[in-house]
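Quick check, what structure comes out for this input:
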Amino acid sequence: MVSQEQRRRQLAREKFLRQQQRRTQARRKARVRNSVIASVLGVIVIGSLALYTTGVLKGDGKKTNTAADVTPSATPSKAPDPCAKPAAGSAQKLSWKTEPATTIDTSAKYTMKLATTCGDIDIDLKTAAAPHTVNSFDFLAGKGFFDHTKCHRLTTSGIYVLQCGDPQGTGMGGPGYTLPDENLKDKSLKGNTYPAGTVAMANTGQKHTGGSQFFLVYKDSPLPPQYTPFGTVSDAGMKVLQKIAAAGAQAADPSTGNTAPNATVVINKATVTKS
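The predicted structure follows:
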């Protein structure tokens, strides 16, 4: 006859085995999903696996924070630099342990201006739809976090984005905290495409791993809805992006996988304004 203690141990073992089976199945599904995404986009996987944003976000150098899990190759170009010399100063290495408390008015309209070496890029922020993200940008811009930072990545095939927001300029930096995904059902994201003019958060490909890095879409780009869209570039800002894109990108850096823009794109000053 089986005692109560023996039965309890048996049930505990069975529960443990079921948990292990579920974890194994989840890992298998994740591998299959990632391989499908890679084949559909026809791109190269880069970056090392690790804690992100923990990694990507935190700037702890453990994983590159990208606009997508996979990075399309860029066609190297040697077009002349169309941008001006950066303003004097250097990026600050600031870090916080937790997401800042909400201080914005989520019912109000906010805009962000990126005063870059290539021209001003004005962005209408989606405050109500992405309050955590907009509040974070308001906080970081107010601390001068983005000032004197270089936009470190330009993709010119597969997807068409300029990526910025890393004080390290490597794709591995961030503010030390992570943000929840928001607004992934935005009506603008149709057919797994981020339309030109979209401003969205970069991440490691895992949920809720946004930090400070973001990308600006200068041409419709096929991407799954996994990157928080939190703003739209103005018409004048799009002309600046097109100028940057027209100058092309450099060959991939073997140490980071980044294809840096030929243009010297530096954010001299970022400001968020309530209107």
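
From here on, just use CA atoms for contacts and neighbour counts.
OK.

What about the residue nearest to Ala252 when sequence neighbours are not counted, how many residues nearby?
Spatial nearest neighbour of Ala252, chain neighbours left out: Thr259 (4.5 Å); criterion: C-alpha to C-alpha, 6 or more residues apart in numbering. Neighbour count of Thr259, defined by other C-alpha atoms under 10 Å: 25.

where does the protein have low pLDDT?
Within the chain, the ranges that satisfy pLDDT under 70 run 1-10, 12-64, 68-79.

For it, which segments are assigned as helices?
With DSSP state H, the ranges of helices along the chain come out as 4-41, 131-142, 235-246.

Would you point out which residue is most central in this structure?
In the chain, the centroid-proximal residue (C-alpha atoms, centre = their mean) is Ala202; its distance is 0.9 Å.

now it: how far from Leu11?
43 Å (C-alpha to C-alpha, to the nearest Å).

circling back: can you pull the contacts of the residue nearest to the centre of the chain?
For Ala202, the contacting residues are Asn65, Thr66, Ala67, Ala68, Gln163, Gly210, Gly211, Gln213, Phe214, Phe215, Tyr227, Thr228, by C-alpha atoms under 8 Å, 6 or more residues apart in numbering.

what about the fifth one, neighbour count?
Yep, that's Gln163 we're talking about. 29.

try the third one
Ala67 has 27 neighbours, counted by other C-alpha under 10 Å.

isn't it right next to Tyr227, touching?
Yes. At 7.4 Å, Ala67 counts as touching Tyr227 under the criterion of C-alpha atoms under 8 Å.

Need the overlap of contacts for the two.
Common neighbours of Ala67 and Tyr227 (C-alpha under 8 Å, 6+ apart) are Met201, Ala202, Asn203.

For these, could you give me a markdown table that also reports distance to Asp253?
Compiled in a markdown table, the shared contacts of Ala67 and Tyr227 are given as follows (distance: C-alpha to C-alpha, whole Å):
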| residue | distance to Asp253 |
| --- | --- |
| Met201 | 22 |
| Ala202 | 19 |
| Asn203 | 19 |
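
quick check, nearest of those to Thr273?
Met201 (19.3 Å; C-alpha to C-alpha).

can you pull the contacts of the closest one?
Counting by C-alpha under 8 Å, 6+ apart, Met201 has contacts Ala67, Gly210, Gly211, Ser212, Gln213, Phe214, Phe215, Tyr227, Thr228, Pro229, Phe230.

any chance you could map the strands in this structure?
Taking DSSP state E as the test, the strands found in the chain are 44-45, 70-71, 110-116, 119-125, 149-150, 153-154, 161-164, 193-194, 198-201, 214-217, 221-222, 229-233, 266-274.

Who are the packing partners of the last one?
Packed against strand 266-274 by the contact rule (3 or more C-alpha pairs under 8 Å, 6 or more residues apart in numbering; DSSP states H and E) you find strand 110-116, helix 131-142, strand 149-150.
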